[in-house]
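K.L.:
what follows is a protein structure lacking sequence information:
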């Protein structure tokens, strides 16, 4: 084997947080998405990626920039563009229904989170390349700068690549 | 905007004492069910930023079975019991059911129900609050996903989560479970008022 060794470093994106990166070898990770939605954005050409961990559809995001879909998604787009991204596309992960009682008064929090994220992406004209959403299981998502790969692992399953170039 | 709630040391001490009494009662109930002595650690009560709260019960990627009891009434809260896989297996064998089966799940749900209700009933008795637990739900998943979803369900418009955390240890059996009480901020205000610390 030859070639360049890339040192992989994982950057945790916790609930209500977001991160963007254009550093080769960097991986943005969110562990344990339940009803939350992980929004991955990347430039269509260059390896510039971002990940937000959205908890609820709307609200006041003071202190937790990515807590809400309506503020978190535009802010993530802004961060990725600040690193040089021009045209964006997205992969969304999560929005599961883990408990039945979280569905009081209509749609569950997971489904409402997904709908709110889709609405924001639509408003920003960012196409969704893949959605790994719904169901009842927790998920872990990794967004690799290298190859702009997005991998998802559901609980008790193997890691699966849902996007890459 | 909603200003973040602040809690004084005295208020957190009072909540810790409530958790102590509540988990003491839950421990007695568990001991009665298993016919084994049960120890309780010193509970913690803390107000944490949401992202930290998700990690309060351990590594977010760790697998566990969670039993969730929503509490409604004068105080809205969630009681969450977390059983790590090995401890779940030990507990199931103590109860004479097969872990990982429908019977095992239902036994854990019932343990959660009894423990949660004894905790909540002692809280209600001490504070005079009307508290009504709903039937429990059992879920096996990543600890982080379970906790994050519980926190999202409470949907507080603040960035702090209040956790009352205790551990119940079945003596000599390598078996312990985490018991978390997550009150909503409105609920906690009510609770502290009843204790004369509002």
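P.N.:
Done, it's in. Here the structure is a predicted model, which means the values were calculated and not measured.
K.L.:
which residues of chain A fall in strands?
P.N.:
A:9-12, A:18-21, A:26-33, A:37-43, A:49-54, A:88-94, A:128-133, A:139-144, A:149-154, A:160-163 (DSSP state E).
K.L.:
nearest to chain B, out of these?
P.N.:
When the strands of chain A are compared by CB to the nearest CB, strand A:26-33 sits nearest chain B, at 2.6 Å. (Glycine included, C-beta is placed from N, CA and C.)
K.L.:
list of residues touching that closest one?
P.N.:
By CB atoms under 8 Å, 6 or more residues apart in numbering or on different chains, the residues outside strand A:26-33 that reach it are A:8-14, A:19, A:21, A:38, A:40, A:49-51, A:53, A:93-94, A:96, A:138-145, B:54, B:60-61, B:141-148.
K.L.:
ok, and the closest non-adjacent residue to the most centrally placed residue in chain A?
P.N.:
Residue closest to the average C-alpha location in chain A (CA atoms, centre = their mean): residue A:39, at 2.4 Å. In space, and not counting its chain neighbours, residue A:39 is closest to residue A:52: 4.6 Å by CB to CB, 6 or more residues apart in numbering or on different chains.
K.L.:
repeat for residue B:117
P.N.:
residue B:133 (5.5 Å).
K.L.:
how close does the one you found sit to chain A?
P.N.:
12 Å (CB to the nearest CB, to the nearest Å).
K.L.:
and residue B:108, helix, strand or coil?
P.N.:
Secondary structure assignment for residue B:108 (DSSP: H, G, I helix; E, B strand; the rest coil): helix.
K.L.:
what pLDDT does it get?
P.N.:
Note for residue B:108: predicted pLDDT of 92.
K.L.:
pick the most buried one from the strands of chain A.
P.N.:
Of all these, strand A:49-54 has the most neighbours on average by mean count of other CB atoms under 10 Å in any protein chain shown, namely a mean of 30.
K.L.:
that strand - which strands sit beside it in the sheet, and in what orientation?
P.N.:
Strands that pair with strand A:49-54, judged by DSSP bridges, come out as strand A:18-21 (antiparallel), strand A:37-43 (antiparallel).
K.L.:
wait, residue A:24 sits on residue A:146?
P.N.:
Yes - if you go by CB atoms under 8 Å, residue A:24 and residue A:146 touch, sitting 5.7 Å apart.
K.L.:
going along the chain, name the strands of chain B.
P.N.:
B:38-40, B:44-49, B:63-73, B:77-83, B:131-133, B:137-142, B:160-170, B:175-183.
K.L.:
let me have these in CSV, extended by mean pLDDT.
P.N.:
CSV is the format used below for the strands of chain B (pLDDT from 0 to 100):
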stretch, mean pLDDT
strand B:38-40, 93
strand B:44-49, 90
strand B:63-73, 93
strand B:77-83, 93
strand B:131-133, 91
strand B:137-142, 94
strand B:160-170, 90
strand B:175-183, 91
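K.L.:
which residues of chain A lie near chain B?
P.N.:
Proximity of chain A to chain B (CB under 8 Å from any CB of the partner chain) is limited to residues A:14-17, A:31-36, A:55-56, A:59-60, A:62-64, A:67, A:96, A:98-102, A:109-110, A:113, A:136-140, A:155-156.
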